[in-house]
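A.B. asks: pasted the sequence and its predicted model underneath.
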Amino acid sequence: MKCREHLTLTIVMWLICFSPHSLHAQKIVKWVDEQGRTHYGEKLPPGETSEKIETRVSEYTPVKNDSQIFEQIAKEKKKNVVMYSTRWCGYCKKARNFLKKHAIPFIEYDIERSAKAKAQHQALGGGGVPLFVVGKQTIRGFNPTEIAASYRRLK
């Protein structure tokens, strides 16, 4: 049954992504009503004038993990788990608590407080936080199952 659900989900996602009615193909308009409230939508209400909104689709370019980055991280600290984070990030806090609760030794770098951490984060492909390096594997986002599995493979 799981295989069938996976196939159905894959087909639905494919149809959404490659449909001519996908988000990147739609026109978005902006208008201000009589109360001064700004609205965005696909259709302009009758009698309203709109401002043209430029839309663009972001592209993702995969970044190869550079072995020199991993070697540099390993030389700096003997811990096999590195977390790039920020103070205000809720998922970073959850990740920090998860690592402590499961006694997984880690080193944390705040990318907003350290230029060196920011440079390493960018060299690993940047993007959001948290970003983990477990051994030579990069994990983007807080995924407790993947973090634990990657850490177990190190032992």
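C.D. replies: That came through, no problem.
A.B. asks: okay, now the domains of the chain?
C.D. replies: 21-57, 67-154 (automatic domain parsing).
A.B. asks: just name the most buried of those domains.
C.D. replies: domain 67-154 (a mean of 16; mean count of other CB atoms under 10 Å). Glycine gets a C-beta too; all of them are placed from N, C-alpha and C.
A.B. asks: will you turn the domains of the chain into JSON lines that also has mean pLDDT?
C.D. replies: Compiled in JSON lines, these are given as follows (pLDDT from 0 to 100):
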{"stretch": "domain 21-57", "mean pLDDT": "67"}
{"stretch": "domain 67-154", "mean pLDDT": "87"}
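A.B. asks: any idea how far residue 93 is from the residue nearest to residue 113 when sequence neighbours are not counted?
C.D. replies: Of all residues beyond its chain neighbours, the one nearest residue 113 is residue 87 (7.9 Å), with distances taken as CB to CB, 6 or more residues apart in numbering. To residue 93, residue 87 is 9 Å away according to CB to CB, to the nearest Å.
A.B. asks: please name the nearest non-neighbouring residue to residue 124.
C.D. replies: In space, residue 124 is closest to residue 138, 5.8 Å off (CB to CB, 6+ apart).
A.B. asks: which SS class is the one you found?
C.D. replies: Of the three states, residue 138 takes strand under DSSP: H, G, I helix; E, B strand; the rest coil.
A.B. asks: sticking with residue 108, tell me its helix or strand.
C.D. replies: strand 107-110 (DSSP states H and E).
A.B. asks: by contact count, what packs against that strand?
C.D. replies: Under the contact criterion of 3 or more CB pairs under 8 Å, 6 or more residues apart in numbering; DSSP states H and E, strand 107-110 touches strand 81-85, helix 115-123.
A.B. asks: the helices in the chain, which residues?
C.D. replies: 2-18, 67-76, 90-101, 115-123, 144-154 (DSSP state H).
A.B. asks: got the angle for the shortest one vs strand 81-85?
C.D. replies: Right, helix 115-123. 100 degrees (axes from the mean of the first three to the mean of the last three CA atoms, to 10 degrees).
A.B. asks: what separates residue 132 from residue 122, distance-wise?
C.D. replies: Taken as CB to CB, the span from residue 132 to residue 122 is 15 Å.
A.B. asks: for residue 145, same thing?
C.D. replies: 27 Å.
A.B. asks: show the pLDDT at residue 60.
C.D. replies: At residue 60, the model reports a pLDDT of 45.
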